[in-house]
Structures are given as C-alpha cells and as structure tokens.
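1. I would like the atomic coordinates for the input below:
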Amino acid sequence: MLNYLWFFLAALFEIGGCYAFWLWLRMGKSAWWIVPGLLSLTLFALLLTRVEAAYAGRAYAAYGGIYIVASLLWLGVVERARPLASDWLGAALCVLGATVILLGPRFSPS
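-> So this is what the prediction gives:
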C-alpha cells in the first residue's frame, strides 16, 4: 500500500514539473518557471526510487496507472476542467493494471 503513496507523490511532482514548463512554453509565462519545474522533476525521480520493486521497469510500468489518476485530479483541481466519466473508467482500468503488475511477481512461479 505504501507503493501507491510513493507513486501518487511522484506523480504530483512529475505533473507539477512538466506543468511549469507548460506554463513557460505554452502559456507565455516567465522562463523562471524552469527553476521550480526542475526541482519538482528532481523530487519526482527521487520519490519514484522509494517504491518496493525488484526491477525499475516494473515499477515504472505500474506507476503509469497511478500517474493517469493523478493527471485527472490535476485536470480537475488545477486546471478546473471536469474529467469525463470515460476518463475515470479508463483510469480505473489503468489502476487495476498497475495492481496486477505490482502484485504479479508474488503469484508467479519463480
């Protein structure tokens, strides 16, 4: 369960870091937005290493599902656009997939 917390925190920092660049390059904000963007992306990378997984690729694959949920929450809270029901259905499928990826090694023969 702690993995999901690390994934969620990592996702917030990744989205925040990328959004800082979005503000600069797409919204015409100051280039100074690069500074918090880089700091946020650094925290994202550090947080993602906290996940309990034997292989980085498996952790990154599972992270993708949680990232999608965090992105929809960002859409709603920060950008104030309401996610569609189909967005949430897709996100639920992705979280289910992330859970299968994370738990799969426990149930697979070695």
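
2. which SS class is Gly90?
-> For Gly90, the assignment made with DSSP: H, G, I helix; E, B strand; the rest coil gives helix.

3. and for it, the neighbour number?
-> A count of nearby residues for Gly90, using other Cβ atoms under 10 Å, gives 15. Placement of C-beta: from N, CA and C, glycine included.

4. surely it meets Ser71?
-> No - Gly90 is not in contact with Ser71 according to Cβ atoms under 8 Å; the separation is 10.9 Å.

5. now do the contacts for Leu12.
-> Counting by Cβ atoms under 8 Å, 6 or more residues apart in numbering, Leu12 touches Ala70, Trp74.

6. report the buried residues of the host helix or strand of Val100.
-> Assessed by DSSP states H and E, Val100 sits inside helix 85-107. Using 16 or more other Cβ atoms under 10 Å as the test for burial, helix 85-107 gives Asp87, Ala91, Cys94, Val95, Ala98, Ile101, Leu102.

7. and what of stretch 2-18?
-> So, applying 16+ other Cβ under 10 Å, buried residues of stretch 2-18: 3-4, 6-18.

8. quick one, what contacts Ala20?
-> Residues near Ala20 by Cβ under 8 Å, 6+ apart: Trp33, Ile34, Pro36, Gly37, Ser40.

9. tell me the one of those nearest Ser108?
-> Ser40 (35.3 Å; Cβ to Cβ).

10. and that closest one, how many neighbours does it have?
-> Residue neighbour count, defined by other Cβ under 10 Å, stands at 19 for Ser40.
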